[in-house]
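Undergrad: quick one: sequence plus predicted model below, questions after.
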Amino acid sequence: MDLALWDANLTRAKNLKNRLDMFVPEDKEAAILPPAPQYPIEVHDAVFLSFDECDEPVLRVARTVRQSSEITFILLVSDRSRDLSPFFRPKIRPGGVLFRPVQNINLRNLLDEVAEELDRLTQAGSEDMFLFRTEGASHRTPFRDILFFEARNKKVIMRTLGQEIGFYGTIENLSASLPPYFVRCHRSFLVNSLKIEEMRGADMELKLTGGVRIPFSRSCCETVKRALTS
């Protein structure tokens, strides 16, 4: 499981990280998010938000995590005396709460539930998810979050606003398994046409969500235009 955490108290963050490292693969470790993470952040299966006061800084981090990924589980860690109601809103949607002092059994039970729910969502939502394996790990990404696929160095690179991941395959084989709004715009690129904001003919490039730019070829020009008007 890919885990990350945030806590403005660095000592407490490191202590929580040591405990979370027991639940990630041996060759990986839980990530500690910076004090003020900038959108978009790398997508994780679950992010623990550990805090004292339920104030704007931690709420801002929670919104950044949710904005970066619709499927990341946001898990809160705080004292029982705190009012957590500001987190329970559409733009955050937490998936669980742990109260200090955190017991290992409670941490394990929560992560077991997260793992079960991730598996269920993968099976139930496979039509809306791009599923693949790389370096022995399974990955799931909503199609709506993907900007494009690129053939590069004998791999296919999947790009979202928050990350890029490479896996073995070909653009040709991949195109047959994607929703129809993914179109070939170049011999090396499959683009999510829903993410195209501007088609710049003079520069032969497409401007995508987030200011990302990729090329398109003359031979694919009409295909892209049809996708934008359909």
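TA: Right, received. Where do you want to start? Numbers count the residues shown, from 1 in each chain.

Undergrad: name the SS class of Val47, please.
TA: Three-state assignment for Val47 (DSSP: H, G, I helix; E, B strand; the rest coil): strand.

Undergrad: wait, doesn't Phe216 sit right on Val224?
TA: Yes. Between Phe216 and Val224 a contact is recorded at 5.7 Å, counting by Cβ atoms under 8 Å. Just so you know, the C-beta spots here come from the backbone N, C-alpha and C atoms, and that holds for glycine as well.

Undergrad: what residues are shared contacts of the two?
TA: Each of Cys185, Val191, Met199, Leu206 lies in contact with both Phe216 and Val224 under the rule Cβ atoms under 8 Å, 6 or more residues apart in numbering.

Undergrad: what residues are up against the residue most central in space within the chain?
TA: Nearest residue to the geometric centre of the chain (Cα atoms, centre = their mean): Val43, 3.0 Å. Val43 is in contact with Ser68, Ser69, Ile71, Thr72, Thr141, Asp145, Thr160, Gly162, Gln163, counting by Cβ under 8 Å, 6+ apart.

Undergrad: give me that answer again for 10 Å
TA: Counting by Cβ atoms under 10 Å, 6 or more residues apart in numbering, Val43 touches 2, 4, 65, 68-72, 139-142, 145, 160-163, 165.

Undergrad: quick one, which of Phe216 and Val224 is more surrounded?
TA: More crowded of Phe216 and Val224, by other Cβ atoms under 10 Å: Phe216, with 24 against 20.

Undergrad: and the residue nearest to Asn104 when sequence neighbours are not counted, how many neighbours?
TA: Counting by Cβ to Cβ, 6 or more residues apart in numbering, the nearest residue to Asn104 once its immediate chain neighbours are dropped is Arg19, at 7.3 Å. Using other Cβ under 10 Å, Arg19 is surrounded by 14 other residues.

Undergrad: would Arg19 count as being in a strand?
TA: No. Counting by three-state DSSP, Arg19 falls outside a strand, being helix.

Undergrad: for it, what are its contacts?
TA: Applying Cβ under 10 Å, 6+ apart to Arg19 gives the contacts Leu5, Ala30, Phe48, Val102, Asn104, Leu107.

Undergrad: out of those, which sit inside strands?
TA: The strands, defined by DSSP state E, take in Leu5, Phe48 from the contacts of Arg19.

Undergrad: got the contacts of Arg19 as TSV, with neighbour count, pLDDT and distance to Leu174 columns?
TA: Converted to TSV, the contacts of Arg19 look like this (neighbours: other Cβ atoms under 10 Å; pLDDT from 0 to 100; distance: Cβ to Cβ, whole Å):
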residue	neighbour count	pLDDT	distance to Leu174
Leu5	23	97	34
Ala30	23	95	31
Phe48	28	98	34
Val102	16	94	42
Asn104	9	92	42
Leu107	19	96	38
